[in-house]
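Novice: Have a look at this fold, sequence not included:
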């Protein structure tokens, strides 16, 4: 809708069936007075262009001749958007009724620069309830950014309280346009990963708050967009480390003995309170007890398909600890 307070920006790359479900959920579960829809098609080779052509003329559609990646596509969408607030949404999401209003309400506070939704897997467990920055003394040159309470039950109390985080995921994130513009948008040096971490950290560095809002609920089929997402993971991680090493605040810190030594925001609950597992032997049971940052890689491993019997080896970057899967 013209003059709506929010522009919903959705980058697309194939998987038209997911886009159809995403748009259908938006139409069914969002007040049409609240948003305009901006779709950026990154050179899809399936029926995505044909589907976009069937949409209402009020929908803004940008068609790229090549896949420009998430950051560039989102920046394109922001430039084409007309609203005061920019809602970045993955196409492998389905919004729930009443999802947008709580996000907009958070931005009524001028100190808030961005706010993210609670994301659930299709089975109802948590995919995202904020992102925590974790430091482990066994790998002093690195830190990890991992989903808080990953795969925990949706009714976990800690996941159902609005609270500030340093980072929320751009799979469903509302950003104040003035903030986004002042920061120059997403850093296009990232390719389909960690650009949201970087943006949120820059929002915090600017003196604004990043909020998690559990009243906004979205189902997220994580990594359903395919293995293209992981093509430059190592480069993305290196870019993040180079920019933020020595500058980022740690939400959780583990000592050399694997014990939790610092939790300034009271985030350690359940599994996060336990010593992280150092994966050295082919103990598959340890996989489920590993820190959440390791389990987040399960989606990546599921993308590896081969007809031959094979082993999979997980190794920490810069470390010697491995786990046979």
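Specialist: Everything's here; your move. Source: prediction; values computed, not measured.

Novice: what bridges to residue 85?
Specialist: Beta-bridge pairing of residue 85 under DSSP bridges involves residue 6, residue 176.

Novice: Spit out the contact partners of it.
Specialist: By CB atoms under 8 Å, 6 or more residues apart in numbering, the contact set of residue 85 is 5, 6, 7, 104, 107, 174, 175, 176, 177. The way it works is simple: take the backbone N, C-alpha and C, and place the C-beta from them, glycine included.

Novice: of all those, which comes closest to residue 134?
Specialist: residue 175 (24.2 Å; CB to CB).

Novice: So what's the residue count around the closest one?
Specialist: By other CB atoms under 10 Å, the residues close to residue 175 number 32.

Novice: same deal with residue 124?
Specialist: 10.

Novice: Surely it and residue 154 touch.
Specialist: Yes: contact criterion CB atoms under 8 Å: residue 124 and residue 154 qualify, at 5.3 Å.

Novice: Name the single longest helix found in this structure.
Specialist: Counting by DSSP state H, the longest helix found in the chain is helix 16-29.

Novice: that older thread, turn the contacts of residue 85 into TSV, including distance to residue 263 and pLDDT.
Specialist: As requested, the contacts of residue 85 are exported to TSV (distance: CB to CB, whole Å; pLDDT from 0 to 100):
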residue	distance to residue 263	pLDDT
5	37	97
6	35	98
7	37	99
104	31	99
107	29	98
174	28	99
175	28	99
176	30	98
177	34	98
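
Novice: who wins for neighbours among those residues?
Specialist: Ranking the contacts of residue 85 using other CB under 10 Å puts residue 175 first, with 32 neighbours.

Novice: So that residue versus residue 102, what's the distance?
Specialist: 15 Å (CB to CB, to the nearest Å).

Novice: mind listing what residue 205 touches?
Specialist: Per CB under 8 Å, 6+ apart, neighbours of residue 205: residue 247.

Novice: Can you get me the start-to-end distance on stretch 23-37?
Specialist: End-to-end distance of stretch 23-37 (CA to CA, to the nearest Å): 9 Å.

Novice: Just name the shakiest helix or strand of this structure by mean pLDDT.
Specialist: Between all helices and strands in the chain, the lowest mean by mean pLDDT, DSSP states H and E belongs to helix 284-289, at a mean of 30.

Novice: any residues touching the longest helix of the chain, and which ones?
Specialist: Here helix 16-29 has contacts from 8, 10, 12, 35, 37, 39, 44, 46-48, 51, 55, 89-99, 221, 224-225, using CB under 8 Å, 6+ apart.

Novice: Residue 267: neighbour count?
Specialist: Neighbour tally, residue 267, other CB under 10 Å: 18.

Novice: Name the SS class of it, please.
Specialist: State at residue 267, reduced to three classes by DSSP: H, G, I helix; E, B strand; the rest coil: coil.

Novice: Could you pull up phi and psi at it?
Specialist: Residue 267 adopts backbone torsions of phi -90, psi -20, taken as degrees, to the nearest 10.

Novice: residue contacts, it?
Specialist: Counted by CB under 8 Å, 6+ apart, residue 267 has contacts 132, 148, 158, 251, 252.

Novice: of those, closest to residue 139?
Specialist: Checking the contacts of residue 267 one by one against residue 139 (CB to CB), the nearest turns out to be residue 252, at 13.7 Å.

Novice: Could you double-check that that closest one lies in contact with residue 262?
Specialist: Yes: counting by CB under 8 Å, residue 262 is a contact partner of residue 252 at 7.2 Å.

Novice: The helix or strand encompassing residue 39 packs against which elements?
Specialist: Using DSSP states H and E, residue 39 sits in strand 35-41. Strand 35-41 sits against strand 6-12, helix 16-29, helix 48-53, strand 60-63, helix 69-80, with contacts defined as 3 or more CB pairs under 8 Å, 6 or more residues apart in numbering; DSSP states H and E.

Novice: try 6 Å this time
Specialist: Contacts defined by 3 or more CB pairs under 6 Å, 6 or more residues apart in numbering; DSSP states H and E place strand 35-41 against strand 6-12, strand 60-63, helix 69-80.

Novice: outside of stretch 243-263, which residues touch it?
Specialist: If you take CB atoms under 6 Å, 6 or more residues apart in numbering as the criterion, stretch 243-263 is touched by 132, 133, 134, 135, 136, 137, 265, 267, 268, 275, 276.
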